[in-house]
Every structure is written in structure tokens, then in C-alpha cells.
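J.: sequence and predicted structure, then a few things I'm wondering about:
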Protein chains: 2
Amino acid sequence: MIMRILVDMDGVIADFEGGFLQRWRDQHPDKSYIPIADRRGFYIQAQYPEDYAPDVRAIFQAPGFFRDLPPIPGGLDALRELDALDHEVFICSSPLAHYHNCVLEKYLWVDDQLGPAWIERVVLTRDKTLIHADILIDDRLQIVGREAPTWEHIVYDQPYNRADTGDLKRRLTWETWRAVLLGE
Amino acid sequence: MIMRILVDMDGVIADFEGGFLQRWRDQHPDKSYIPIADRRGFYIQAQYPEDYAPDVRAIFQAPGFFRDLPPIPGGLDALRELDALDHEVFICSSPLAHYHNCVLEKYLWVDDQLGPAWIERVVLTRDKTLIHADILIDDRLQIVGREAPTWEHIVYDQPYNRADTGDLKRRLTWETWRAVLLGE
């Protein structure tokens, strides 16, 4: 059965946390940092010391941050494989409220990493519940919006989204996706 | 009854045709042009002489073209009024395949013209049929995509979209919208 699958970018196919940590350590070698395995909670700046917040935000608001994010291993191949199986794959991302650098760079990233045909599959929206699909793969635990979504939210498993033990959503990574999505 | 209304940008709230024509005449004073009332068909370059096509495209692919588009009179006030009546207004736009300048500039235009709160209402997608809403106001006659849309397409009336006389869709302009949308 053909599925329409929305795939989030940051923390799912683009390594936001890894990109952040590398730049943080390069630009602030004197300051403390949180290894990725120890990250808890969705927002990086909420776990760093409060007086670091402006410097933390400056990292991911800077020109080039989004465009240069490394792909999360296995993600792009999974998207191409789902596409080859005739599933409808869309890349569904919410730009930062400080949108100035991330908006164009998200398109450039998709173009660079997957090619221009995938530009057709990009949907930018701050409200993902409006998008009609079967599945949303997203690393954020709470996806809120105006609509009762048609999709099942499958959590992309990350160290920072494991805290909510009451959460019953299915989870996947790019190592387990075939079992979860295709039942293989 | 609360409606969710998707509003297209180019040719609906942003004056793409007017912005194009002004730049065309400024940059190519020696070349012929088509007055807006005489425009037929959705794509400008399809009505201009074939050998003008690269120059036509260069106008709307240039940096600054989208950001500087004048608002279509009455459109922004209509959006604010619908919002004040608690209707859910989203701005739903398809970037050009040559997305490099238009993507960020569409966000900047909304920010400039309507303010940062409206950035939350921007949805960029090449497939508008995926978006769950009651109404889509769009100047393009044929809106195709992967989904059977939940919305009624109301055509934003323009000289260039009047050709298809078999089309039974409702139409509006920012002079008639209250009668069409609110039955007033």
C-alpha cells in the first residue's frame, strides 16, 4: 500500500545537533558543552547555562549553518528507497521564527543532497497538522497545530527526545526504518 | 462558521504582473509589451515573443523582484479582516522551480507587509492539494496535485485567467470578497 510520508529535516535527515556541537566547540573552546548522548529536551538553549543562550542561538541563526549540516547517516538513502518503492515522500520542515537564513538554506540543502527533483517535495510550514499524509517522521515529541492530523507521528529516536516515558508513539531510526515502516 | 482559508501570493495579494510589467518597461524600453488587461494565459513568457523568454524570466528570477512586489489593493486589509473575524488565514505559495531568490523574499514580503506574526501563517509547497483547508483563493485555474483537495478553489479573477469559459469555479476580487466569502 502506497504511503504518503512526511519527513522532518532537522534531527531526522539533517544533523542539527551534530552541526551545532561542532560549531559550538570550534567557536567557544573555552566554554562547556553537552555531548550529544547527554542532550535532554528539544531546545538546545534550554539545557545550556542561561547566560550562554545568545551565543547558542547565534550558532544556528548564522548564515551557512543549515546549508552545511551533515546528513544523518542512512536518511537520504532511506528517502530514495521509499521513493523507488513508489511511496510519496515529502520533506516537511518548520523554519525557525528567525527565518532569515534557514529558509533558503533548507531548499539549497535538499538540492545539494538529494537533487533538484526533490525541491518539488519540500513543504515549509509552521503547522504540520495541516498537511494531509499517512505518516510524519519527526524528532519533536509534541507536534501541535490547528488540525486533527491525518498522519501517524512516528518519532525519530534521539537522545534528547527519550525523556517522556508516557509517550506511546512508535519510534524509528535510519537503522530500523524498514522494520517499522515496511514491516520487513 | 470558522473557515480555514489558504491565500495564494502572486497575482492574489502580491502584484506579480504589475511588478513584472514595470521592470520590463524600465529595463527593455525598446521592446514591445503586453498591457495587463490584454494578458492571456498563466505564464507571461508564453504570451511574449518566443525570443524574449530569457529576458522575461530574468525579470522575475532577479534578486529583489518578489520582495519589492506591490500589494494588490485591498488584499492585505481583507486578510486582516478575515483574521479579526477568527477565520484561519494561511498564505499558501508555490516557489518558482528557480527558487533561489523567491523563497526567502516571500517570507520577507509577508514580514514587511503584514508583520512577523504572519510568518506563522506561511506555507510554501509545490503541491497545494496536500493542505487541509476549506477554501483556496488562487489566480491559477488548474491546481493539480497528489490529493483530492478538501478546499473549494475560488479563482482570484484576473485578465489572464478568464479564457476558460467552461470553468464553473466561483471567483472573487478584493472588491467582491465579502459577498463571495461571507455572503454579505
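T.: Ah, there it is.

J.: in chain A, which spans are helices?
T.: A:16-27, A:44-47, A:53-61, A:75-84, A:102-114, A:177 (DSSP state H).

J.: contact partners of the third one?
T.: With contact meaning C-beta atoms under 8 Å, 6 or more residues apart in numbering or on different chains, helix A:53-61 is reached by A:16, A:19-20, A:23-24, A:27-28, A:31, A:44-45, A:48, A:65-66, A:96, A:98, A:100-101. Just so you know, the C-beta spots here come from the backbone N, C-alpha and C atoms, and that holds for glycine as well.

J.: for it, what is the average pLDDT?
T.: In this model, helix A:53-61 carries a mean pLDDT of 97.

J.: buried ones in it?
T.: When neighbours are counted by 16 or more other C-beta atoms under 10 Å in any protein chain shown, the buried residues of helix A:53-61 are found to be A:56, A:59-60.

J.: now swap in stretch A:71-87 and tell me
T.: Using 16+ other C-beta under 10 Å as the test for burial, stretch A:71-87 gives A:71-72, A:75-76, A:78-79, A:82-83, A:87.

J.: how far does it sit from its chain's centre?
T.: 15 Å (C-alpha atoms, centre = their mean, to the nearest Å).

J.: ok, it near chain B or not?
T.: No. Judged by C-beta under 8 Å from any C-beta of the partner chain, stretch A:71-87 makes no contact with chain B; its nearest approach is 11.6 Å.

J.: how long is that stretch end to end?
T.: By C-alpha to C-alpha, to the nearest Å, the extent of stretch A:71-87 from end to end equals 21 Å.

J.: for the record, mean pLDDT for it?
T.: Stretch A:71-87 comes out at a mean pLDDT of 98.

J.: ok, stretch A:102-121 next?
T.: When pLDDT is averaged along stretch A:102-121, the result is 97.

J.: centre of chain A to the edge, which residue is at the far end?
T.: Distance from the centre of chain A peaks at A:Asp30, with 28.5 Å (C-alpha atoms, centre = their mean).

J.: distance of it relative to chain B?
T.: 34 Å (C-beta to the nearest C-beta, to the nearest Å).

J.: mind splitting chain A into its structural domains?
T.: What automatic domain parsing lists as the domains of chain A is A:4-15+A:70-182, A:16-61.

J.: winner for burial among those?
T.: Among those, domain A:4-15+A:70-182 has the highest mean neighbour count (mean count of other C-beta atoms under 10 Å in any protein chain shown), at a mean of 18.

J.: what is the end-to-end distance of that one?
T.: Start-to-end, domain A:4-15+A:70-182 (C-alpha to C-alpha) is 13 Å.

J.: now do that domain: distance to the chain's middle.
T.: Domain A:4-15+A:70-182 has its C-alpha centroid displaced from the chain centroid by 6 Å (C-alpha atoms, centre = their mean).

J.: chain B contacts on chain A?
T.: A:4, A:88, A:90, A:95, A:97, A:99-100, A:103-104, A:107, A:116, A:119-127, A:129-133, A:146-147, A:150.

J.: circling back: can you list the helices of chain A in a markdown table and add distance to B:Leu172?
T.: Listed next are these as a markdown table, based on distance: least, C-beta to C-beta, whole Å:
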| stretch | distance to B:Leu172 |
| --- | --- |
| helix A:16-27 | 42 |
| helix A:44-47 | 44 |
| helix A:53-61 | 39 |
| helix A:75-84 | 38 |
| helix A:102-114 | 29 |
| helix A:177 | 45 |
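
J.: for A:Gln158, find the nearest of the ones you listed.
T.: Nearest of the helices of chain A to A:Gln158, taken as C-beta to C-beta: helix A:16-27 at 7.3 Å.

J.: give me the contacts around that closest one.
T.: Contacts of helix A:16-27 (C-beta under 8 Å, 6+ apart): A:10-11, A:31, A:33-36, A:39, A:44, A:55-56, A:59-60, A:62, A:65, A:68-70, A:158, A:160.

J.: what's the answer for stretch A:92-107, then?
T.: So stretch A:92-107 is contacted by A:6-10, A:57, A:60-67, A:119, A:122-126, A:128, A:131, A:133, A:136, B:95, B:99-100, B:103-104, B:107, B:116, B:119 (C-beta under 8 Å, 6+ apart).

J.: ok, now with 6 Å
T.: Under the contact criterion C-beta atoms under 6 Å, 6 or more residues apart in numbering or on different chains, stretch A:92-107 has outside partners A:6, A:9, A:61, A:63, A:66-67, A:123-124, A:126, A:128, B:99, B:103-104, B:107.

J.: redo these as CSV? Include distance to B:Arg140.
T.: Converted to CSV, these look like this (distance: C-beta to C-beta, whole Å):
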residue, distance to B:Arg140
A:Leu6, 24
A:Met9, 28
A:Gln61, 35
A:Pro63, 33
A:Phe66, 30
A:Arg67, 31
A:Val123, 18
A:Leu124, 19
A:Arg126, 24
A:Lys128, 24
B:Tyr99, 17
B:Val103, 19
B:Leu104, 22
B:Tyr107, 21
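
J.: among those residues, which pair sits farthest apart?
T.: Counting by C-beta to C-beta, the most remote pair of those is A:Leu6 and A:Pro63, 27.1 Å apart.
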